[in-house]
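Student: Structure of the sequence below:
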Amino acid sequence: MELAKVRNIGISAHIDSGKTTLSERILFYTGRIHKIEEVKGGGDGATMDHMELEQERGITITSAATSVSWGGEGNQHIQEPHYINLIDTPGHVDFTIEVERSLRVLDGAVLVLCAVGGVQSQSLTVDRQMRRYNIPRLAFINKMDRTGADAKNVVQMMRDKLNADAVMMQLPIGAGETFAGCIDLVTMKALSFTGEQGEVVEEGDIPADMLDEAKEYRHMMLESLSMYNDEMMELLLSEEDVPEDLIHKVTKDAVQNQGMTPVYVGSAFKNKGVQPLLDAVSRYLPSPLEREISARQVNDETQKMVLKPDPNEPFVGMAFKIVEDPYGQLTFMRIYQGKINKGEMYINQRTGRKERFSRIVRMHADDREEIDSAEAGDIVAIMGIDCASGETYAAERDYCTLESMYVPEPVIKIAVQPASRADGDKMSKALQRFRKEDPTFQVYNDEETSETIICGMGELHLDIYIERIRREYKVDIEVGAPKVSYREAPGEKVEFNYKHKKQTGGSGQFAHIVGELTPIDTEGETLFEFEEHIVGGRIPKQFIPPVEKGIRDSLEKGPLAEYPVVGVRIDLRDGSYHDVDSSERSFYIAAQGCFRETMQKSKPALLEPIMKVELECPEEYQGDVVGDVIRRRGLIGSTDIREGVSYIIAEVPLAETFGYATDLRSQTKGQGTFTMELLTYRKCPSHVQEEIIASRRKKELAGAK
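Tutor: Residues are numbered from 1 along each chain as shown. Sure, this is the predicted structure:
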């Protein structure tokens, strides 16, 4: 396979723009499948949406990879076969890591836009991701058959909202129900798509009523392209014809090096406009030879090395996606340099472990085809190696590491537990598997509430994982809202003088302690400080550690609502003991009783966790978002507006943030994002404290019954 003819591309877009439908048509026209399945409505579901949940919900959850061949015999535009590795990625913001890791290893992309919706919120996110990895892209305006379709408006939105140099390479013939095909502005031919499934592309003359408009748009296209090339600029100025070869050459250069976005139109569902898009992918998007990939040296992070897509150089590859499989772990890998052979050993650059690549497979959605070797530029899957997402493999130890992908922080947490104890092992096995597969999915045990907490990018994200545990592991799982870990703290300084005296048959118990309890105002950071100033042996030295231990052990449950106590300083100043009845045990019990009594007298208060929340949303929604934060008892720290985006930093009580991801999205039409981290603990307002104590008492009463 000649590397210059290889294309590694992704299809990315806002949810419901028709990415998977477009992928399905590409598979059909390249001969990879022989029957088209739809995303929604009967059949087995689209090829690339191979998970049961994807087919039920009509959404893409995981990115699926396949490889196809385009061009060669019978193709008048692309004379030689081109091999396209294609990844169909999810559109929903909750599965953003799937897009992130796919774009990290791809050389080019197709940005799909809806002809009616245009540039939507997730289009902005995908655009940001493409720019992060400098991915050259084409745009495909899909759904031209929908009522209200307007390709010219979408192109204007791309220029305004994405700051993209969007250039129309085609003009649609009609729109909505009258959409009949498109005019190729390079060849000035009208293209129509006939045959049972639109597989026959017919070139004809431009309809007479559209000729003037086509000439005008061709001139606009050439003017845009001439900004990237002096030769074309001179031809235009002298009003000479621009040769077709020059248009292709300039477009390719402008796409790959300057960030121009050629725009194509069509309707994947109605089988129109897909083949010219494949021609453009072959013509304009880069091969692995045309992309410069740099890695860092293991021993010197500052030194960069440029990888060569050459099969004779030492092997370097990146494991970008991990999927657990009935036969073991399946690791998707992009090979950047060198080649791999079945059965040979390669080294994980992070762990230094040698691993055998026992089986290499080329993926087609969830089908696989065994191969013996793979070379630079390939995207394949390796069976049975044990690694994490984003790790680099190489032929030599300490050779280099590739820059890992950007992983956003999870924003939502919920508590889960199996309905029956017997399912506990199965559930933890499932959670460990998903955590390994998805870097944005995190799991931990909350020591205070003894709950298993799962964290993710949004409610849909966690909902899908819970559903997968139920189906794939047959575990009946109970989901609860996570409990907030409150704290209790003393309100004021209190002196204590506490005597513990117990007389039973034989030796009794006696301990007497005197001192002071003082609140430490560190907003919940310092748990406990203990000092003793005993003079003259009023309490023997061996009895002082039990006093400290007795108080320390009492901190686990406070007097208000049995939450942990923080911010306490104890100063032990005096006391007395009995030669026979005093013991370590007596002083331990005395300390516990003294702490309970003194803490009650100190007017204790509840502290709640306060989160630092950083929000981003379009400027026009700032008022609504700020108003909502204040309604949630939040304090606005700062607001800043840059290029139409509002950046807000606020402090919000954790208890008020549950369900916030969904609320923010509905307030901002899906365009708002936020990150959250623990800032400190602060006193609850009195009405909130009363509610918490009352609900805790209610639970205790219910438990007692």
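Student: all contacts plus neighbour counts: C-alpha atoms, from now on.
Tutor: OK.
Student: Which of the helices or strands spans Ala214?
Tutor: In this assignment (DSSP states H and E), Ala214 forms part of helix 211-226.
Student: same thing with Cys594?
Tutor: helix 584-601.
Student: how about that helix: buried residues?
Tutor: Judged by neighbour count using 16 or more other Cα atoms under 10 Å, the buried positions of helix 584-601 are 584-596, 598-599, 601.
Student: Packing partners of it?
Tutor: strand 494-502, strand 509-519, helix 544-554 (3 or more Cα pairs under 8 Å, 6 or more residues apart in numbering; DSSP states H and E).
Student: could you dump those to TSV with mean neighbour count?
Tutor: What follows is the helices and strands packed on helix 584-601, written out as TSV (neighbours: other Cα atoms under 10 Å):
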stretch	mean neighbour count
strand 494-502	16
strand 509-519	21
helix 544-554	18
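Student: mind checking which of those is nearest Asp367?
Tutor: In terms of Cα to Cα, the element of these nearest to Asp367 is helix 544-554, at 57.9 Å.
Student: right, and the helix or strand after the helix or strand harbouring Asp253?
Tutor: Element membership for Asp253 (DSSP H and E) is helix 244-253. Going down the chain from helix 244-253, the next helix or strand is strand 260-265, by DSSP H and E.
Student: can you dump the C-alpha coordinates of that following strand into CSV?
Tutor: Provided in CSV are the C-alpha atoms of strand 260-265 (Å, rounded to 0.1, in the frame of the first residue of the first chain):
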residue,chain,number,x,y,z
MET,A,260,-9.0,26.9,4.4
THR,A,261,-12.2,24.8,4.6
PRO,A,262,-13.7,23.7,1.2
VAL,A,263,-17.5,23.3,1.5
TYR,A,264,-19.5,20.5,-0.2
VAL,A,265,-23.3,20.0,-0.2
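Student: ok, back up a step: outside of the helix holding Ala214, which residues touch it?
Tutor: With Cα atoms under 8 Å, 6 or more residues apart in numbering as the test, helix 211-226 has contacts from 167-169, 171, 183, 185-186, 188, 232-233, 236, 247, 250-251, 254.
Student: Go through it and flag the buried ones.
Tutor: Those buried within helix 211-226 under the rule 16+ other Cα under 10 Å are Ala214, Tyr217, Arg218, Met220, Met221, Leu222, Glu223, Ser224, Leu225, Ser226.
Student: quick one on the thing from earlier: looking at the helices and strands packed on helix 584-601, which is nearest to Asn299?
Tutor: Nearest of the helices and strands packed on helix 584-601 (Cα to Cα): helix 544-554, 46.5 Å.
Student: which outside residues touch the closest one?
Tutor: By Cα under 8 Å, 6+ apart, helix 544-554 touches Phe528, Phe530, Glu584, Arg585, Phe587, Tyr588, Ile589, Ala590, Ala591, Gln592, Phe595, Arg596.
Student: quick one: that helix to chain centroid distance?
Tutor: Helix 544-554 sits 46 Å away from the centroid of its parent chain (Cα atoms, centre = their mean, to the nearest Å).
Student: Check the offset of stretch 310-330 from the chain's centre.
Tutor: 21 Å.
Student: and that stretch, average pLDDT?
Tutor: In this model, stretch 310-330 has a mean pLDDT of 83.
Student: now stretch 124-137
Tutor: Mean predicted lDDT for stretch 124-137 stands at 84.
Student: Give me the buried positions along that stretch.
Tutor: Leu124, Thr125, Val126, Asp127, Gln129, Met130, Tyr133, Asn134, Ile135, Pro136, Arg137.
Student: Could you do stretch 7-19 as well?
Tutor: 7-19.
Student: so what does the lengthiest strand in the chain touch, helix or strand wise?
Tutor: Criterion DSSP state E: the longest strand present in the chain is strand 605-618. Applying 3+ Cα pairs under 8 Å, 6+ apart, we find strand 605-618 packed against strand 487-489, strand 645-653, strand 673-683.
Student: Which neighbouring elements make contact with the shortest one?
Tutor: Counting contacts by 3+ Cα pairs under 8 Å, 6+ apart, strand 487-489 is packed against strand 605-618.
Student: Restrict the strand it packs on to CA atoms and write it as CSV.
Tutor: Output in CSV follows, covering the C-alpha atoms of strand 605-618 (Å, rounded to 0.1, in the frame of the first residue of the first chain):
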residue,chain,number,x,y,z
ALA,A,605,-22.3,24.8,63.3
LEU,A,606,-22.5,22.8,60.1
LEU,A,607,-19.9,23.4,57.3
GLU,A,608,-20.7,22.6,53.7
PRO,A,609,-18.3,22.0,50.8
ILE,A,610,-18.0,25.0,48.5
MET,A,611,-17.0,24.4,44.9
LYS,A,612,-15.0,26.7,42.7
VAL,A,613,-17.0,26.7,39.4
GLU,A,614,-15.6,28.0,36.1
LEU,A,615,-18.2,28.6,33.5
GLU,A,616,-18.0,29.4,29.8
CYS,A,617,-21.1,30.4,27.7
PRO,A,618,-21.9,32.7,24.8
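Student: what is the rounded mean pLDDT of stretch 497-509?
Tutor: pLDDT averaged over stretch 497-509 gives 80.
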